[in-house]
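In: Predicted coordinates and the sequence they were generated for:
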Amino acid sequence: MSGVREKKDLSEATPVSMIIIPKKFMKPSIIALRMKGENMEPTVNDQGVVGVDREDDEIVSGKIYAIWVPNEGIVLKRLFIEPDKVVLKSDNPLFPGSSVSLKEIGDFLIGRAKWVVQAL
């Protein structure tokens, strides 16, 4: 993932649908993202809507974050801090993990996942 130094700006994104969520789930820094794919199953299903807090960018090992991945777009990954890198893991064991240096992770981090709305 090295070589990209620009965090994805989502302020110009066009909404593709609307959902109703409890008022306590919303605050100005949260964006709702519809996820595609099975990499975070069983935690987040394909087409699940995830609330991502863009102000919550302090990494806590084991928590789920939205990450900008070049050539893929926004993905959800569970992050783990190691001495010189951050390991990005999917909850689905069929998907391989990857890593980013501690110095570079801020270039890719969008925010921490706070809630999920999805069909079972």
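Out: All right, it came through fine. Numbering: from 1, shown residues only.
In: and G111, how many residues sit next to it?
Out: By other Cβ atoms under 10 Å, the residues close to G111 number 20. Just so you know, the C-beta spots here come from the backbone N, C-alpha and C atoms, and that holds for glycine as well.
In: Is it in contact with E55, as I believe?
Out: Yes: counting by Cβ atoms under 8 Å, G111 touches E55, with 6.9 Å between them.
In: shared neighbours, these two?
Out: Common neighbours of G111 and E55 (criterion: Cβ atoms under 8 Å, 6 or more residues apart in numbering): S29.
In: in the worst-scoring helix or strand of the chain on mean pLDDT, what's buried?
Out: One helix or strand of the chain scores below all others by mean pLDDT, DSSP states H and E: helix 105-108, with a mean of 89. Applying a neighbour-count criterion of 16 or more other Cβ atoms under 10 Å, one finds 105, 107-108 buried in helix 105-108.
In: helices or strands up against that helix?
Out: Secondary-structure packing of helix 105-108 (3 or more Cβ pairs under 8 Å, 6 or more residues apart in numbering; DSSP states H and E): strand 64-69.
In: The strand it packs on pairs with which strands, and in what direction?
Out: strand 73-81 (antiparallel), strand 109-117 (antiparallel) (DSSP bridges).
In: Can you add distance to F95 and mean pLDDT and give those strands back as JSON lines?
Out: JSON lines is the format used below for the strands paired with strand 64-69 (distance: least, Cβ to Cβ, whole Å; pLDDT from 0 to 100):
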{"stretch": "strand 73-81", "distance to F95": "9", "mean pLDDT": "94"}
{"stretch": "strand 109-117", "distance to F95": "17", "mean pLDDT": "95"}
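In: Tell me which of these lies nearest to S29.
Out: strand 109-117 (7.5 Å; Cβ to Cβ).
In: If you drop the residues flanking it in sequence, what lies closest to the spatially most central residue of the chain?
Out: When Cα atoms, centre = their mean is applied to the chain, the residue found nearest the centroid is A66 (1.2 Å). The spatial neighbour of A66 that comes closest, neighbours along the chain excluded (Cβ to Cβ, 6 or more residues apart in numbering), is I110 at 4.0 Å.
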